[in-house]
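Participant: Task: produce atomic coordinates for the following.
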Amino acid sequence: MTGQIIYVVDRVVLKSGCAKKFIEAYNREYAPTARERGMTLDRVLLSPPIWFDDESNTVTALWTLHGQEEWWKAAVKGRHDPEPAAWWTKMDSMIIERSRSMAASADDVDGLNDV
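Facilitator: So this is what the prediction gives:
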């Protein structure tokens, strides 16, 4: 199942002027712990692509995992590690809203469901 990629999408709407500081903290503090759980950071996107001081930005971080086995391992590790939740709590003052979703290529879904 190594060819089947599961994408983990973090979408974070930030308060005015917080995008740059948030991305720096995300890359420096959050990303290493996610990598320890087996996730690979594909990219971090900023929308709109400008550092606003007086408007909110949306940050979208795209992580990858190879197949459902890696996804489950990362999910279990994350549930038993208090560090990620503590980090998100520390960032609350910058965040308007956040979400996490999972996705895969439609061509891979049948194989990913064959557990």
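
Participant: immediately after the longest helix along the chain, which helix or strand?
Facilitator: Longest among the helix segments of the chain by residue count, using DSSP state H, is helix 67-79. Following helix 67-79 in sequence order, the next helix or strand is helix 82-91 (DSSP states H and E).

Participant: So, low pLDDT: which residues of the protein?
Facilitator: Regions of the chain meeting the criterion pLDDT under 70 cover residues 1-2, 114-115.

Participant: go with 50
Facilitator: 1 (pLDDT under 50).

Participant: mind listing the strands for it?
Facilitator: 5-14, 40-47, 58-66, 95-104 (DSSP state E).

Participant: Strand partners (parallel or antiparallel) of the third one?
Facilitator: Pointing back at strand 58-66 there. Sheet pairing of strand 58-66 (DSSP bridges) gives strand 5-14 (antiparallel), strand 40-47 (antiparallel).

Participant: Could you single out the most deeply buried of the ones you listed?
Facilitator: Among these, ranked by average contacts under mean count of other C-beta atoms under 10 Å, first place goes to strand 5-14 (a mean of 19). For the C-beta atoms, the positions are set from N, CA and C on the backbone; glycine is no exception.

Participant: any idea of the angle that strand forms with helix 82-91?
Facilitator: 30 degrees (axes from the mean of the first three to the mean of the last three C-alpha atoms, to 10 degrees).

Participant: which residues are contacting strand 5-14?
Facilitator: Outside strand 5-14, the residues within contact range by C-beta atoms under 8 Å, 6 or more residues apart in numbering are 22, 39, 42, 56-68, 70-71, 74, 94-105, 108, 112.

Participant: same thing but at 6 Å, please
Facilitator: The set of residues external to strand 5-14 that reach it, using C-beta atoms under 6 Å, 6 or more residues apart in numbering, is 22, 56-65, 71, 94-104.

Participant: which residues touch residue 38?
Facilitator: Counting by C-beta under 6 Å, 6+ apart, residue 38 touches 70, 73, 74.

Participant: repeat that with 8 Å
Facilitator: Applying C-beta under 8 Å, 6+ apart, we find residue 38 in contact with 65, 70, 73, 74, 77.
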